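J.: Need coordinates for the below:
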Amino acid sequence: MTNKSSIIFKCEDVPLPINTEYHYIQIIQTTSSTNDVSSYNEYIELTTTYTNEIPCVNLPFREAVNYKIYRLSLSGNKYHVTKTSDQSQFITYNSKDNVHRFHDMALSFIRYSGTMPIPYLYRNKPSSHPTIIAVKETGIMTKYDKDNNGDQASSINHNIKGLFFSASMDKDTGQPQTWSFFGDYRILIPPEHLLPGLNLYFADFYCNQKAHYVTLVLTKPGSVEDVYCKPRLIELDINNNKFLYYDRGFYYTTSERNLWVEVLYTEDVHVDDMSSVDKLSEKTTSVKGKQGQSKPDGIPKNKLCETCNLPKRPY
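T.: Presented below is the predicted three-dimensional model:
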């Protein structure tokens, strides 16, 4: 239940009368999933509730979890299993402290770099992508679930919706790259048409191979995405941060050649409306690489990189 501050399972197989005592055994096995370290823990807990909600035991952050629940009946002083759940598998998310540490690592990565202006936020997809076909029909680019790209324990994976834009320019020309790994259809929007009035969050620092990436999130204050991000991510001051900031009429980002700043914009983009008033432009770009599009559900973080992974736990 993602609207809760801790993990809660809900028993929904049959209606359960309220104000009745229910007993469950939780069996939880955890292994470290995000660092190159061998670790295994097992928890067994007897839980009593008066509703159909079963609070999970307190689990460590950044762990792969196998989870099973047994419903019990009490006869005399003995428990008997009456129902067994399917096994659940999930990863516990980064804590806010973990995100702070990623933020500090990203700052360290760009500590010797300068800054450069951002003429556009731009986004590429294949012309055949369902969202682009829908744009041609409706004039609206609709946000969709954030995939698993980046840190495997990122709390925004599959929990918020958005559209990714790049804020990084070609370091020689100061303009968007003339090619793309992600498709031939490109939209370009000057940042002053997207950023004002939105909240900005730092979410992730990661790499897939050589280049590193920072993930920022833009949310409309009070939106579903904003309410989700505020307790989990690091809110940045748009006038005072190193990744995407505003100063005297212009927006800037880092000029570090080996860092790409990606921005998840969590609203729909009304392409036709913005084009009609010259707030947005569309163009075709050349495609680089064999695939020519992003991979389904993203690319997990390189767990062996010492630059963007948290230190191994001292088990």
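J.: drop to CA atoms for contacts and neighbour counts, all remaining ones
T.: Fine.
J.: can you give me the strands in the stretch 1-150 of the chain?
T.: Ranges of strands within the stretch 1-150 of the chain are 8-10, 22-32, 40-49, 53-55, 63-75, 78-84, 88-91, 115-117, 121-125, 140-141, 144-145, based on DSSP state E, counting those that start in this stretch.
J.: Pull up the pairing partners for the longest one, direction included.
T.: Think strand 63-75. strand 22-32 (antiparallel), strand 78-84 (antiparallel), strand 88-91 (antiparallel) (DSSP bridges).
J.: Kindly reformat these as CSV containing distance to P60.
T.: Shown next, in CSV, are the strands paired with strand 63-75 (distance: least, C-alpha to C-alpha, whole Å):
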stretch, distance to P60
strand 22-32, 9
strand 78-84, 24
strand 88-91, 10
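J.: Distance check, the residue of the chain positioned farthest from its centre against K83.
T.: Distance from the C-alpha centroid of the chain, by C-alpha atoms, centre = their mean, peaks at G76 (48.8 Å). To K83, G76 is 19 Å away according to C-alpha to C-alpha, to the nearest Å.
J.: and if you look at V277?
T.: From V277 over to K83 the distance is 61 Å, taken as C-alpha to C-alpha.
J.: now do V214
T.: From V214 over to K83 (counting by C-alpha to C-alpha), the distance is 45 Å.
J.: of these two, who's got more company?
T.: V214 (20 against 12; other C-alpha atoms under 10 Å).
J.: That one and T30, how far apart?
T.: Distance, V214 to T30, using C-alpha to C-alpha: 28 Å.
J.: before we move on, what about G222?
T.: Distance from G222 to T30, by C-alpha to C-alpha: 35 Å.
J.: Neighbour count: these two, which is higher?
T.: When neighbours are counted by other C-alpha under 10 Å, T30 comes out ahead of the other of G222 and T30, with 22 against 12.
J.: My read is that the more buried one contacts N66, right?
T.: Yes - shown here, T30 and N66 form a contact pair, counting by C-alpha atoms under 8 Å, at 6.4 Å.
J.: Show residues contacting stretch 143-161.
T.: The contact list for stretch 143-161 (C-alpha atoms under 8 Å, 6 or more residues apart in numbering) reads 2, 34, 62-63, 91-94, 162-163, 203-208, 225, 228-229, 232, 266-269, 297-301.
J.: let's see 6 Å
T.: Stretch 143-161 is contacted by residues 62, 93-94, 162-163, 206, 225, 266, 268, 297-301 when judged by C-alpha atoms under 6 Å, 6 or more residues apart in numbering.
J.: can you tell me which of those residues are in strands?
T.: Mapping the contacts of stretch 143-161 onto strands (DSSP state E) picks out 162-163, 206.
J.: between the residues you listed, which has the most around it?
T.: When neighbours are counted by other C-alpha under 10 Å, Y206 leads these with 26 neighbours.
J.: Show me where the stretch 51-200 of the chain has its helices.
T.: 96-109, 130-138 (DSSP state H, counting those that start in this stretch).
J.: got the CA coordinates for the shortest one in PDB?
T.: Think helix 130-138. Extracted C-alpha coordinates of helix 130-138, given in PDB (Å, rounded to 0.1, in the frame of the first residue of the first chain):
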ATOM      1  CA  PRO A 130       2.500   4.500 -28.900                       C
ATOM      2  CA  THR A 131       2.800   7.800 -27.100                       C
ATOM      3  CA  ILE A 132       3.900   9.500 -30.300                       C
ATOM      4  CA  ILE A 133       1.100   8.000 -32.400                       C
ATOM      5  CA  ALA A 134      -1.300   9.300 -29.700                       C
ATOM      6  CA  VAL A 135       0.300  12.800 -30.000                       C
ATOM      7  CA  LYS A 136      -0.500  12.800 -33.700                       C
ATOM      8  CA  GLU A 137      -4.100  11.900 -32.900                       C
ATOM      9  CA  THR A 138      -4.900  13.900 -29.800                       C
END
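J.: Just send the contacts of stretch 143-161 back as a markdown table, with distance to T20 too.
T.: Shown next, in a markdown table, are these (distance: C-alpha to C-alpha, whole Å):
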| residue | distance to T20 |
| --- | --- |
| R62 | 35 |
| Y93 | 33 |
| N94 | 35 |
| G162 | 42 |
| L163 | 46 |
| Y206 | 48 |
| E225 | 36 |
| T266 | 42 |
| D268 | 45 |
| D297 | 42 |
| G298 | 45 |
| I299 | 46 |
| P300 | 44 |
| K301 | 46 |
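J.: Select only the buried ones of these in PyMOL?
T.: Selection of buried members from the contacts of stretch 143-161 for PyMOL, criterion 16 or more other C-alpha atoms under 10 Å:
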select buried, resi 62+93+94+162+163+206+225+266+299+300+301
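J.: Among the contacts of stretch 143-161, list the two that are farthest apart in space.
T.: Farthest-apart pair in these is R62 and D268; separation 30.9 Å (C-alpha to C-alpha).
J.: remind me which residues of the protein are low pLDDT?
T.: Low-confidence regions of the chain, defined here as pLDDT under 70, cover residues 1-5, 14, 32-39, 290-297, 312-315.
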